[in-house]
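Colleague: below is the structure, and that's it, no one-letter string:
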């Protein structure tokens, strides 16, 4: 009897196994799909910026084949918005040199932008563009990062760089320590929603959905956009 | 799948109902009073120690003479014939004491501890062929393994600063944020691992909140003449090459023993066959101990162990990005302990004192690569170095037959420095920063514990401890704090325990305790740069406390033994990280607001069979169930409200094994084991990435020994993750290792 029970127990243990399945999540809304991408936020990884090209120049208002690209130092990728992160350095009270990532969204010279609202719900509800909206579109000031470099040490000075980025339409406004989240609200409810007019003339709604997602995506930033009809 | 698993474990738990007889009894003196902690051995010397109430259970193979040898302090050693119908055995008083009994009596932690406790012996350790202590303990209910080579120890979800790790009773420190890492010792040097699950701050001091893990080396005196053992091994999942050599000599008065391990492994493979890049390791361990017996009652033992680890790496993606490679390129730990022990010196039935010194160095490198072109962009090297020294004294005073006082003191000083070198290949600059520079923590504690035997069945324990810490920030301070350079912290802890024999073979333990841990230098003063942001020290931190109720009910009879050990822990002043605003970046500071509620427990069952398939075989079945519920109630007014589930709490899990040993012929012995570990889905956490799916792991061991041949060769095969299951350890978002076949060949001289 014991022999039988022993053999049975061993067989049952051996027969048990686990299975696993992965299902991709597809987001589709209106004529164009909503696109979400996790972009590297660490300035040591996203060194020369992640350029986002919302529509191709060659086939206007079509989706691009390459929605975003981590750019090289010399790169001609025709981005509309660039997620650019540099290390800004400063000396602390101990005299130690410390650095801090300075993540910012920068527009190309031919891109215009305006803030329309806040939150993912507003993003989803925005389905058409009005003249009132397009009247608010502006370009970003051109920021010459080189002018913020410390002449002797060669690194970016934190304080003047931050001040310059504050002049941008998006700049650093999506950062978790700059964005003010009222009591009872979540980050996704207060992240600004922007209207972007690309160099090709397409209108795109754009937002940072999560500045710092949960693990294992904590070192990335989640962006979301969708092309909308005029 | 869950249904199948539950069926398997139900069957395992039903096995005790079909149990066979073991020798059980109670040892008494001539007056009929139980004799606690006596030793009971068979004619081969395999034995057990009686519990508090003189009860014992002993496997006695029929091939041996039906007799046992019993001995205890103050009594004549006697050889007794076994009468199955008689379960009471008596010893007559004696006017001198036996030296070896005191040594033996301290080995069996379960008989001494007021909380649930167990011991993993050398035989069990060797049979598993583990890589580290974590792999041994993960087979026990309550313990969980988190990762591979650099495995932190975790008991009931607690690790690091809330779980105290000792070696031969001396605390071990570490510069790792997750606490003591088990890869820094050679698990094959250990004679046994003693574990107490529950608060133990009174005896062991700061950090003994979740429990203690005491790693015990074999006494150098426990060997006869000259001896040596050589083992070589290979593991398939990472091409691990293992070489183990140990040997020693003793003449009874002098003794020396040494062990050495070398291992080298390349990157391991995930179950789908892909290589876990950057997961290699190479390390060496050396252990040396020497002893001198001053007299039959006193001895002096010097122990040292060295770990030379590195280089070793964490798999790419371990830190959440594929663009960073984390490697430890050099890791050295050196530990020295001198211990003096005496027994029965005047009113002191036991006296131990140790002095210790340790140092540790490691270099942690983080290489960052640009997403465009995968070019090296940034190199950060942190040179951790720490050292600590101190002394402890522990005494046991036998005031009377029913009253015992344990008292002792501990003092130590821990120093740490963590300079960081940086090379920025993009900006083309180099610089050096200091996080800590000789930050140190001096700690002093005294304790007193009263053990009173109220009746022959009931014992009470009441203890109290006072600790004082002087914590100095060293030469570098946080850029955000402007308070004093030095902080003094005090902590008071205590416990009240009841140990009672409910029936002849069942014991109940109830322990009410307040345990503590002190804030550390890094938490008080230093700014730590982590993957999550900068963590600023907070000099206003107070000690952290845990009020706990630990229960243990243990039944040992002729057929089976089992134990249930539920607990409730209410932790306050928990030191946790809190995000701070007003500073650039995502940053944190340490705060005392933490308040958590943990409850749960373990159920363990064990059964031994003889003569299953043949005359001299043995079968054992063990199973352990563990459940833990942890909630952060920092935002609530009391401990009983709803809160946020703690993400470091492991899910419900079941562990079991079936072992069988026998003989092919007179010269060939064999043993085999089938192991299983099941973790349920971490469902309490919702969409949290720590909500790992359920998994079942199987493993097996096979050993063949030729004890009568020259050099006594033995071959052991251990297979981990037998079914090559894809799974994630809780608190991990990387898959774990695939099937690993490990083969070891041993020769003994």
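Modeller: Great, that's in hand. Here the structure is a predicted model, which means the values were calculated and not measured. Numbering: from 1, shown residues only, chains lettered A, B, ... in the order given.
Colleague: how about low-confidence regions in chain A?
Modeller: Applying pLDDT under 70 to chain A flags residues A:1-31, A:56-65, A:93-96, A:229-230.
Colleague: strands along that one, start to end?
Modeller: A:28-29, A:32-33, A:35-40, A:50-52, A:68-70, A:81-91, A:97-107, A:112-118, A:156-157, A:192-197, A:203-210, A:220-228 (DSSP state E).
Colleague: need the ones you listed in JSON lines (columns: distance to chain B).
Modeller: In short, each C-beta sits where N, CA and C put it, glycine included. Below are the strands of chain A laid out as JSON lines (distance: least, CB to the nearest CB, whole Å):
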{"stretch": "strand A:28-29", "distance to chain B": "22"}
{"stretch": "strand A:32-33", "distance to chain B": "23"}
{"stretch": "strand A:35-40", "distance to chain B": "5"}
{"stretch": "strand A:50-52", "distance to chain B": "8"}
{"stretch": "strand A:68-70", "distance to chain B": "4"}
{"stretch": "strand A:81-91", "distance to chain B": "7"}
{"stretch": "strand A:97-107", "distance to chain B": "4"}
{"stretch": "strand A:112-118", "distance to chain B": "19"}
{"stretch": "strand A:156-157", "distance to chain B": "8"}
{"stretch": "strand A:192-197", "distance to chain B": "18"}
{"stretch": "strand A:203-210", "distance to chain B": "12"}
{"stretch": "strand A:220-228", "distance to chain B": "8"}
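Colleague: run through the bridge partners of the spatially most central residue of chain A.
Modeller: Chain A has residue A:223 as the residue nearest its centroid, 3.6 Å off, counting by CA atoms, centre = their mean. Beta bridges link residue A:223 to residue A:37, residue A:208, judged by DSSP bridges.
Colleague: just residue A:87 next, same as before
Modeller: Residues in beta-bridge contact with residue A:87 (DSSP bridges): residue A:101.
Colleague: residue A:41 versus that one, what's the distance?
Modeller: Distance of residue A:87 to residue A:41, computed by CB to CB, to the nearest Å: 12 Å.
Colleague: hey, what's in contact with both of the two?
Modeller: residue A:101 (CB atoms under 8 Å, 6 or more residues apart in numbering or on different chains).
Colleague: for residue B:717, give me its contacts.
Modeller: Per CB under 8 Å, 6+ apart, neighbours of residue B:717: B:701, B:702, B:703, B:741, B:742, B:743, B:744.
Colleague: give the contact list for residue 192.
Modeller: In the absence of a named chain, this looks at chain A. A:115, A:117, A:118, A:170, A:173, A:174, A:207, A:208.
Colleague: my question was about chain B
Modeller: Contact partners of residue B:192, counting by CB under 8 Å, 6+ apart, are B:107, B:119, B:120, B:121, B:122, B:125, B:216.
Colleague: any chance of the residues you listed in JSON lines, with pLDDT too?
Modeller: JSON lines is the format used below for the contacts of residue B:192 (pLDDT from 0 to 100):
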{"residue": "B:107", "pLDDT": "38"}
{"residue": "B:119", "pLDDT": "90"}
{"residue": "B:120", "pLDDT": "90"}
{"residue": "B:121", "pLDDT": "89"}
{"residue": "B:122", "pLDDT": "88"}
{"residue": "B:125", "pLDDT": "90"}
{"residue": "B:216", "pLDDT": "93"}
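Colleague: which of those residues sits closest to chain A?
Modeller: residue B:120 (22.4 Å; CB to the nearest CB).
Colleague: most packed of the strands of chain A?
Modeller: strand A:50-52 (a mean of 25; mean count of other CB atoms under 10 Å in any protein chain shown).
Colleague: can you tell me which of the contacts of residue B:717 end up in strands?
Modeller: Going by DSSP E, the strands hold B:701, B:702, B:703, B:741, B:742, B:743, B:744 from these.
Colleague: quick check: the farthest pair among the residues you listed?
Modeller: B:703 and B:741 (14.1 Å; CB to CB).
Colleague: neighbour-wise, which of the two wins?
Modeller: Relative neighbour count places residue B:703 above the other of residue B:703 and residue B:741, with 20 against 15, counting by other CB atoms under 10 Å in any protein chain shown.
Colleague: residue B:713 is in contact with that one, correct?
Modeller: No - contact between residue B:703 and residue B:713 fails when scored by CB atoms under 8 Å: they sit 11.3 Å apart.
Colleague: can you say which of the contacts of residue B:717 are buried?
Modeller: B:701, B:703, B:742, B:743, B:744 (16 or more other CB atoms under 10 Å in any protein chain shown).
Colleague: now, which of the residues you listed sits nearest chain A?
Modeller: residue B:701 (13.7 Å).
Colleague: helices or strands up against the helix or strand hosting residue B:303?
Modeller: Using DSSP states H and E, residue B:303 maps to strand B:298-314. Packing partners of strand B:298-314 (3 or more CB pairs under 8 Å, 6 or more residues apart in numbering or on different chains; DSSP states H and E): strand B:281-293, strand B:324-345, strand B:348-369.
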